[in-house]
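Chemist: Generate coordinates for the sequence data below:
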Amino acid sequence: MNQYSKRRSRLLETLPENAAVILFAGKAPMRSEDEAYEFSINRNFYYLTGLDKENMVLVMYRLDGTSGEYLFIPPYDEKMARWVGGRMLKEEAAAVSEIKKVEDVGDLDSFVASLLNRNRRNPDFTMFFDFWHYEFDQSLSLAQRYANKLKENYPALAFKDVYPALAKMRLVKDEQELESIRKAIHITNNGILKMMKSAKPGMNEMTLEGIFSFVLAQMLCHRTAFGTIAAGGKRATILHYHDNNRVINDNELFLCDLGATSDYYCADISRTFPINGHFSDRQKEIYQLVRNAQKIVEANAKPGVKLKDLNQMVIDYYKQELPKHGLNEAVSEYYFHSCGHHLGLDTHDIDGGLGAVLKEGNVITNEPGLYITAEGIGIRIEDDLLITADGCEVLSKEIIREAEDIERYMNGQ
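Modeler: Modelled structure (predicted):
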């Protein structure tokens, strides 16, 4: 039994006795004319199957003491194979997912109808879907559209959201997940080091972003965790700056927020370094404040603590220290985001919010920052932490972060 099979069994155990869950892999939306956007797998579907192909559907059920699981995939098409390559064969999908019953996706409706007919006399039968929805007016997902179709044909059918159960599972990472995150961080480190070695005054932000992307390609990583933030000078005070197209002048800092992926698991790292290889006294002064705030989080992140508690520790530290360095406005003028979030198959991974209590096996980011617009100084240092039995492990400790180490490395010392 592989990890995907084990996860499906665990999920089924959380469902009521008479229930079924339907999860969709997704389908890339069209962009323009005959061109589609790049396909991105539904992470919950991937978490339970290990498959990353579109137009697949997972169906699982618990009925009268028995359980079952089926996978529905597009049939192999010889003509399409000549244009875009062959689709996954049933035996290939079965081997990866360890789902023995693999059918054509065109048979999904008739299978669901037969499942419902078997339970038409059961008033407690419930259908579970992943109803995740981030924005009020975003397009309906395949799950939402299919549930709407079922509701029209079976108006008495009960529906529930499987998202909370999957969120609880995904929060705690197993060894294979941690291995993938470590690999993504290692790849990210190589990209950051190359950026530091290549940096020089007058370079465009886009060039440094391209250097990072090139290193990822060299290491056979074809997917970043999110759109790279590459911000020089005053642009680094914009939290989610994405233009990445301006020249970085001598004596300015460069802030990068980026990450590679491995098997869809994300690294999320921020580093700030001087474009000319030398921090000014003021830049180093502010940099050390941020690094000290990071150390506070590292020292206190452990099971039983909440992210909001860690964030308050950072705020309390800044409230005490910032005035000593001429920063006399409210802390929120210089630090206006939280100190971290959960990390996994998504960069901002499934979590219970800042009020959720940390548990062993959680992976979170540690990313305090200071943004002083008037001085053109934006500094964020971000690492990835694994919550252990009695504290935390800095998964990204190989990525240099002390100001002196950065200067030595950039200057070949």
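
Chemist: From here on, just use CA atoms for contacts and neighbour counts.
Modeler: Noted.

Chemist: which other helices and strands contact the top helix by length along the chain?
Modeler: When the chain is parsed with DSSP state H, its longest helix is helix 175-198. Counting contacts by 3 or more CA pairs under 8 Å, 6 or more residues apart in numbering; DSSP states H and E, helix 175-198 packs against helix 205-218, strand 261-262, strand 265-266, strand 269-274, helix 403-410.

Chemist: Remind me what the next helix or strand after the fourth one packs against, helices and strands.
Modeler: Which is strand 269-274. Toward the C-terminal end, the helix or strand that comes next after strand 269-274 (DSSP states H and E) is helix 281-300. Judged by 3+ CA pairs under 8 Å, 6+ apart, helix 281-300 is in contact with helix 307-321, strand 363-366, strand 369-372, strand 377-380, strand 392-394, helix 403-410.

Chemist: Which of those sits closest to residue 162?
Modeler: Counting by CA to CA, residue 162 lies closest to strand 363-366 out of the helices and strands packed on helix 281-300; the figure is 22.0 Å.

Chemist: Show me the contact partners of that closest one.
Modeler: 171-173, 268, 294, 297-298, 339-344, 381-387 (CA atoms under 8 Å, 6 or more residues apart in numbering).

Chemist: hmm, try it at 7 Å
Modeler: 294, 297, 339-343, 382-387 (CA atoms under 7 Å, 6 or more residues apart in numbering).

Chemist: Kindly report the same for stretch 26-40.
Modeler: 41-42, 54-55, 142.

Chemist: Apply 6 Å and report the result again.
Modeler: 42, 54-55 (CA atoms under 6 Å, 6 or more residues apart in numbering).

Chemist: from the middle of its chain, how far away would that stretch be?
Modeler: Offset of stretch 26-40 from its chain centre (CA atoms, centre = their mean, to the nearest Å): 21 Å.

Chemist: Kindly report the same for stretch 260-271.
Modeler: Worked out by CA atoms, centre = their mean, stretch 260-271 lies 8 Å from the chain centre.

Chemist: And that stretch, end to end?
Modeler: For stretch 260-271, the first-to-last residue distance is 14 Å (CA to CA, to the nearest Å).

Chemist: Can you give the domain ranges for the chain?
Modeler: With automatic domain parsing as the criterion, the domains of the chain are listed as 3-169, 172-410.

Chemist: Pull out the buried positions in stretch 328-345.
Modeler: 331, 334-335, 338-345 (16 or more other CA atoms under 10 Å).

Chemist: In CSV: the helices and strands packed on helix 175-198, plus mean pLDDT, distance to residue 27 and mean neighbour count.
Modeler: Formatted as CSV, these follow (pLDDT from 0 to 100; distance: least, CA to CA, whole Å; neighbours: other CA atoms under 10 Å):
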stretch, mean pLDDT, distance to residue 27, mean neighbour count
helix 205-218, 98, 25, 19
strand 261-262, 98, 21, 26
strand 265-266, 98, 20, 28
strand 269-274, 98, 29, 25
helix 403-410, 98, 43, 17
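
Chemist: can you put those in CSV and add distance to residue 188?
Modeler: CSV is the format used below for these (distance: least, CA to CA, whole Å):
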stretch, distance to residue 188
helix 205-218, 8
strand 261-262, 8
strand 265-266, 10
strand 269-274, 8
helix 403-410, 16
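
Chemist: who wins for proximity to residue 358 among these?
Modeler: Going by CA to CA, the one of the helices and strands packed on helix 175-198 nearest residue 358 is strand 265-266, 19.1 Å.

Chemist: Determine the set of other helices and strands touching the closest one.
Modeler: In terms of contacts (3 or more CA pairs under 6 Å, 6 or more residues apart in numbering; DSSP states H and E), strand 265-266 is packed against helix 175-198.

Chemist: Can you tell me what sits against the helix it packs on?
Modeler: Contacts of helix 175-198 (CA under 6 Å, 6+ apart): 208, 212, 215, 259-262, 265-267, 399, 410.

Chemist: farthest-separated two in those residues?
Modeler: Across the contacts of helix 175-198 (CA to CA), the longest gap, 29.2 Å, separates 265 and 410.

Chemist: quick revisit: could you point out which of the helices and strands packed on helix 175-198 sits nearest residue 288?
Modeler: That would be helix 403-410 among these, by CA to CA, at 7.7 Å.

Chemist: Run the angle between the closest one and helix 281-300 for me.
Modeler: 110 degrees (axes from the mean of the first three to the mean of the last three CA atoms, to 10 degrees).

Chemist: what does helix 403-410 contact?
Modeler: So helix 403-410 is contacted by 196-197, 277-278 (CA under 6 Å, 6+ apart).

Chemist: Please repeat the previous calculation with a cut-off of 10 Å.
Modeler: By CA atoms under 10 Å, 6 or more residues apart in numbering, the residues outside helix 403-410 that reach it are 193-200, 271-279, 283-285, 287-288, 291, 399-400, 411-413.

Chemist: which among the residues you listed end up buried?
Modeler: Looks like the contacts of helix 403-410 have 193-196, 199-200, 271-279, 283-284, 287, 291, 399 buried, using 16+ other CA under 10 Å.

Chemist: roughly how far out does the worst-scoring helix or strand of the chain on mean pLDDT sit from the chain middle?
Modeler: Least confident helix or strand of the chain, by mean pLDDT, DSSP states H and E, is helix 78-84 with a mean of 73. The chain centre lies 33 Å from the centre of helix 78-84; the measure is CA atoms, centre = their mean.

Chemist: And for stretch 328-338?
Modeler: Distance, stretch centre to chain centre, for stretch 328-338: 26 Å (CA atoms, centre = their mean).

Chemist: same thing with stretch 101-117?
Modeler: With CA atoms, centre = their mean as the basis, stretch 101-117 stands 32 Å off its chain's centre.

Chemist: repeat for stretch 210-220
Modeler: With CA atoms, centre = their mean as the basis, stretch 210-220 stands 19 Å off its chain's centre.

Chemist: With stretch 99-111 instead?
Modeler: On CA atoms, centre = their mean, the centre of stretch 99-111 falls 30 Å from the chain's centre.

Chemist: which of the residues in it are buried?
Modeler: So stretch 99-111, judged by 16+ other CA under 10 Å, has buried residues 99, 102-103, 105, 108, 111.

Chemist: That stretch: end-to-end distance?
Modeler: Stretch 99-111: ends 16 Å apart by CA to CA.
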